[in-house]
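Asker: Mind folding the following:
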Amino acid sequence: MATPVPNNTIILYKDDNTNIELEKIDLTQYTLGYVHALQESKDEATYVRYNLPKGCVVTLFDNHATLDWPNLKGAGRVLDLIGDGQEHAVNLKSCDLNDCASAFLWRNVDLDMGYVCLYEGAEFTGNYTTLFMSEWELDTVHNIDGWHIEDELSSIKWQGMLDTFTVELYENSDGGGRRYTNIARGAGEVRSLDDVGFNDCASAFKIIRLRPVKEEIKEVIVENYVPTNQSRKVVYELKGTNAGSTPIKPAIGVKVSVIETAEVTVTDTHSSGGAVEAGYTHSKVGSDNNALDLTFGFTYNYEHSESSTDSLEKEVVLATTIDYEVPPYSTYIIQWYATSGTVDVTVNTTATRWYTQPLAGTEPDGEYYRRNETLTLSFKGVLCVENAPYNDDEPISST
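Answerer: Below is the predicted model:
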């Protein structure tokens with residue numbers, strides 16, 4: 001019995017009986033997102049065993065080419081090894097990649113958005129190319145000029161497709177000519193494109209996103225949250241001397257600022273393709289443990305699709321005046337303190353969205369269809385715990 005394949009590892013063999021191991025690849029030793037040449041197994045591998053974490057995808061290439069990823073122009077035949085945390089095996093003869101794999105690239109993919117497998121043969125045979133929804137700009141025609149599958153596509157399988165996504169295939173590279181439009185919602189297959197008049201003619205594709213015409217995202221409030229790793233530092237210091245024989249009251253005005261940094265990540269299981277625009281406020285609710293009330297709000301900008309994460313930086317201005325009587329013949333020091341702490345919180349909220357067509361779970365609402373969708377918000381940052389960080393215990397000293 002063969003030894004189990006370690007995690008993050010691919011093993012390539014000379015034959016399909018795993019008798020001759022040609023090369024073992026530990027992905028942690030290779031840069032993510034770059035094309036790497038196979039060494040001992042180049043153009044000789046017949047069988048592959050692999051064990052990859054969920055979402056880790058390795059693409060094997062026929063040609064060791066410089067690619068404008070994820071465009072596969074010049075890559076030749078390909079094979080995607082999709083990780084799910086379990087061990088798997090592939091006979092390269094089954095996908096027409098026997099004795100010709102020469103390079104690979106690995107990256108992490110959001111599989112929850114779904115993917116489509118494009119086969120060159122009917123009944124899901126021959127070499128195939130996988131389109132991962134998360135790797136492509138939405139609502140844009142992408143030509144597949146120079147791909148192995150160009151004008152060779154004969155059958156299709158898809159799975160995990162968000163119900164707000166549809167993939168269209170086009171006869172011409174600019175999106176013109178005949179088209180096939182029934183790749184949508186969950187899982188499905190087309191065993192022969194010849195049956196629908198679209199065999200061996202695909203030259204482009206587009207991932208179409210169904211946007212809500214309106215949405216309302218419920219504000220999130222987290223009460224009495226105690227930040228961790230709280231620390232205090234001096235952000236302002238004033239020194240002086242009263243050389244006279246009578247007390248003095250210097251006019252002391254303090255105005256300093258503290259920079260807060262945070263990162264907000266939103267996981268949306270129903271929709272995708274909108275850049276997150278986040279905001280937050282907080283207030284101190286008590287002296288014990290410097291607890292805070294946190295309020296989060298965010299929206300999607302559907303004109304952009306850069307990231308589900310928004311990095312935030314906020315300047316908190318702290319200002320006050322101090323009335324202090326300095327004794328005669330003494331020096332004094334006034335210090336202004338700020339206390340910061342780490343916030344790491346994950347909460348759920350609800351997005352109510354209205355669509356122009358019925359989807360699973362929607363209800364008619366006038367001319368549209370409405371449903372509630374759950375969003376998960378992850379907020380991590382370093383915030384100013386004290387809104388007025390004046391230290392009452394030892395703000396001023398004199399000698």
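Asker: Looks like residue 66 contacts residue 34 (just checking).
Answerer: No - using C-beta atoms under 8 Å as the test, residue 66 is too far from residue 34 to be in contact (10.2 Å). C-beta: built from backbone N, CA, C; applies to glycine.
Asker: can you tell me how far the closest residue to residue 350 other than its chain neighbours sits from residue 211?
Answerer: Excluding the flanking residues, the one nearest residue 350 by C-beta to C-beta, 6 or more residues apart in numbering is residue 218, at 4.8 Å. Residue 218 is 19 Å from residue 211, where distance means C-beta to C-beta, to the nearest Å.
Asker: again, but for residue 155
Answerer: The gap separating residue 155 from residue 211 is 30 Å, by C-beta to C-beta.
Asker: Ok, residue 110 next?
Answerer: 19 Å.
Asker: between the two, who's got more neighbours?
Answerer: Taking other C-beta atoms under 10 Å, residue 110 and residue 211 do not tie; residue 211 has more neighbours (19 against 15).
Asker: For the more buried one, grab phi and psi.
Answerer: The phi and psi torsions at residue 211 (degrees, to the nearest 10) take the values phi -90, psi 150.
Asker: burial of the residue nearest to it when sequence neighbours are not counted, as a residue count?
Answerer: Of all residues not flanking residue 211 in the chain, residue 302 sits nearest, at 5.1 Å (C-beta to C-beta, 6+ apart). Number of residues near residue 302 (other C-beta under 10 Å) recorded here: 16.
Asker: Next: residue 98.
Answerer: Residue 98: 17 surrounding residues under other C-beta under 10 Å.
Asker: ok, and the closest non-adjacent residue to it?
Answerer: Residue 98's closest residue in space is residue 92 (C-beta to C-beta, 6+ apart), at 4.6 Å.
Asker: quick one: the one you found from residue 150, how far?
Answerer: Remark: distance between residue 92 and residue 150 (C-beta to C-beta) = 21 Å.
Asker: got it, and residue 37?
Answerer: Relative to residue 150, residue 37 is positioned 24 Å away (C-beta to C-beta).
Asker: what's the answer for residue 356, then?
Answerer: Going from residue 356 to residue 150 by C-beta to C-beta gives 33 Å.
Asker: again with residue 72
Answerer: Plainly put, residue 72 is 9 Å away from residue 150 if you go by C-beta to C-beta.
Asker: Between these two, which is the more surrounded one?
Answerer: residue 72 (23 against 20).
Asker: Surely that one is in a strand?
Answerer: No - per DSSP: H, G, I helix; E, B strand; the rest coil, residue 72 lies outside any strand segment and is coil.
Asker: Can you report the mean pLDDT over the residues of stretch 51-62?
Answerer: Per-residue pLDDT over stretch 51-62 has a mean of 97.
Asker: Repeat that for stretch 154-166.
Answerer: 94.
Asker: Buried residues, that stretch. List them.
Answerer: 154, 155, 156, 157, 158, 161, 162, 163, 164, 165, 166 (16 or more other C-beta atoms under 10 Å).
Asker: can you check stretch 216-224 too?
Answerer: Going by neighbour count (16+ other C-beta under 10 Å), the buried part of stretch 216-224 is 217, 220, 222.
Asker: For it, measure first residue to last.
Answerer: For stretch 216-224, the first-to-last residue distance is 26 Å (C-alpha to C-alpha, to the nearest Å).
Asker: how distant is it from the center of its chain?
Answerer: Here the centre of stretch 216-224 is set off from its chain's centre by 22 Å, with C-alpha atoms, centre = their mean, to the nearest Å.
Asker: can you dump the C-alpha coordinates of the strand or helix carrying residue 168 into PDB?
Answerer: Using DSSP states H and E, residue 168 sits in strand 155-170. The C-alpha coordinates for strand 155-170 follow below in PDB (Å, rounded to 0.1, in the frame of the first residue of the first chain):
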ATOM      1  CA  SER A 155     -19.000  19.100 -23.300                       C
ATOM      2  CA  ILE A 156     -19.300  21.000 -20.000                       C
ATOM      3  CA  LYS A 157     -19.700  20.400 -16.300                       C
ATOM      4  CA  TRP A 158     -20.200  23.000 -13.600                       C
ATOM      5  CA  GLN A 159     -20.700  23.000  -9.900                       C
ATOM      6  CA  GLY A 160     -21.000  25.400  -6.900                       C
ATOM      7  CA  MET A 161     -22.200  28.300  -9.100                       C
ATOM      8  CA  LEU A 162     -23.800  31.100  -7.100                       C
ATOM      9  CA  ASP A 163     -27.400  31.600  -8.300                       C
ATOM     10  CA  THR A 164     -26.500  35.200  -9.200                       C
ATOM     11  CA  PHE A 165     -24.000  34.000 -11.800                       C
ATOM     12  CA  THR A 166     -24.400  33.000 -15.400                       C
ATOM     13  CA  VAL A 167     -21.600  32.000 -17.800                       C
ATOM     14  CA  GLU A 168     -22.100  32.700 -21.500                       C
ATOM     15  CA  LEU A 169     -20.000  31.100 -24.200                       C
ATOM     16  CA  TYR A 170     -19.400  32.900 -27.600                       C
END
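Asker: now that strand: how far from the chain's centre is it?
Answerer: A distance of 21 Å separates the C-alpha centroid of strand 155-170 from that of its chain, computed with C-alpha atoms, centre = their mean.
Asker: helices or strands up against that strand?
Answerer: strand 115-121, strand 179-190, strand 204-209 (3 or more C-beta pairs under 8 Å, 6 or more residues apart in numbering; DSSP states H and E).
Asker: other SSEs contacting the last one?
Answerer: Contacts defined by 3+ C-beta pairs under 8 Å, 6+ apart place strand 204-209 against strand 142-143, strand 155-170.
Asker: what about the shortest one, average pLDDT?
Answerer: Here the mean pLDDT over strand 142-143 is 98, rounded to a whole number.
Asker: Show me what it pairs with in its sheet, parallel or antiparallel.
Answerer: According to DSSP bridges, strand 142-143 forms sheet pairs with strand 204-209 (antiparallel).
Asker: Mean confidence (pLDDT) on whatever helix or strand comes next after the strand it pairs with, please.
Answerer: Sequence-wise, the next helix or strand downstream of strand 204-209 (DSSP H and E) is strand 214-217. For strand 214-217, mean pLDDT is 93.
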